[in-house]
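> What follows is a predicted structure for the sequence shown.
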Amino acid sequence: MSEVIRCEWTGMTTPLYIAYHDDEWGRPVEGDDRVFERVSLEAFQSGLSWLTILRKRENFRKAFDGFSIAKVAAYTEEDVDRLLADEGIIRNRAKIEATIANARAALEVPEGLSAVVWRHAAPDSPVPKSMADVPAITPGSKALAKELKGYGFRFVGPTTAYALMQAIGLVNDHIADCVVRTPTR
């Protein structure tokens, strides 16, 4: 029986991380609300472990009405207070307010958030041999961050944009020998 090889970031021991890696990370995610969820969670992750976000993801979904752009865009200061009191999520005022502002900005994107994000796909990016070959920022992530900021998005710098690109399949950064490496879109 041969050893199963996965991207090193999984730690290979945390079942939640392994399931996320094997079933979600790098797989195409489309649709405005689904992409909005991922933009939001990447922003909340900033400065934290992704595992922390994964453990709280269902709480985030409940707290933010399933990341419905229209619903979140209508949030008021009372909703901010409700979210700040919710122990099931990351209670960071700046990130909560950015999520609401980003929902409002997403409503103003003429072709839709998913289309804007997917315009930056890089399916022919180099195949990394190890995680050391995976960049934190690329010209594509800089362009995506700039475009999103141009629409009024917050907490979407080039590093966060690249993490989003990896997570939703705009690039395929599974290492060459990874058990789940498949072509993107």
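Received the coordinates, thanks.
> what about the residue lying closest to residue 133 once chain neighbours are set aside, how many neighbours?
Nearest residue to residue 133, sequence neighbours excluded (C-beta to C-beta, 6 or more residues apart in numbering): residue 126, at 7.3 Å. In short, each C-beta sits where N, CA and C put it, glycine included. Neighbour count for residue 126, taken as other C-beta atoms under 10 Å: 13.
> So residue 126, which state does it fall into?
Under DSSP: H, G, I helix; E, B strand; the rest coil, residue 126 falls in the coil class.
> ok, residue 178 touching residue 7?
Yes - with contact defined as C-beta atoms under 8 Å, residue 178 reaches residue 7; the gap is 5.4 Å.
> which residues do those two both contact?
Taking C-beta atoms under 8 Å, 6 or more residues apart in numbering as the criterion, residue 178 and residue 7 do not both touch any residue.
> Which residue, other than its chain neighbours, is closest to residue 170?
Closest to residue 170 by C-beta to C-beta, 6+ apart is residue 121, at 4.3 Å.
> ok, now residue 80?
residue 96 is the one closest to residue 80 (C-beta to C-beta, 6+ apart), at 5.8 Å.
> That neighbour: helix or strand, and which one exactly?
Residue 96 is part of helix 93-107 when elements are defined by DSSP states H and E.
> can you give me how far that helix is from the chain middle?
14 Å (C-alpha atoms, centre = their mean, to the nearest Å).
> continuing past that helix, what's the next helix or strand?
helix 113-118.
> For that following helix, give me every contacting residue.
30-32, 34-36, 39, 69, 106, 109, 144, 147-148, 151, 164, 168, 170.
> For ChimeraX, write the select line for the buried members of these.
Restricted to buried positions by 16 or more other C-beta atoms under 10 Å, the ChimeraX selection for those reads:
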select :32,35,36,39,69,106,109,144,147,148,151,164,168,170
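> List the buried residues for the lowest-mean-pLDDT helix or strand in the chain?
None of the helices or strands of the chain scores lower by mean pLDDT, DSSP states H and E than helix 15-23, at a mean of 92. By neighbour count with 16+ other C-beta under 10 Å, helix 15-23 contains the buried residues 17, 20-21.
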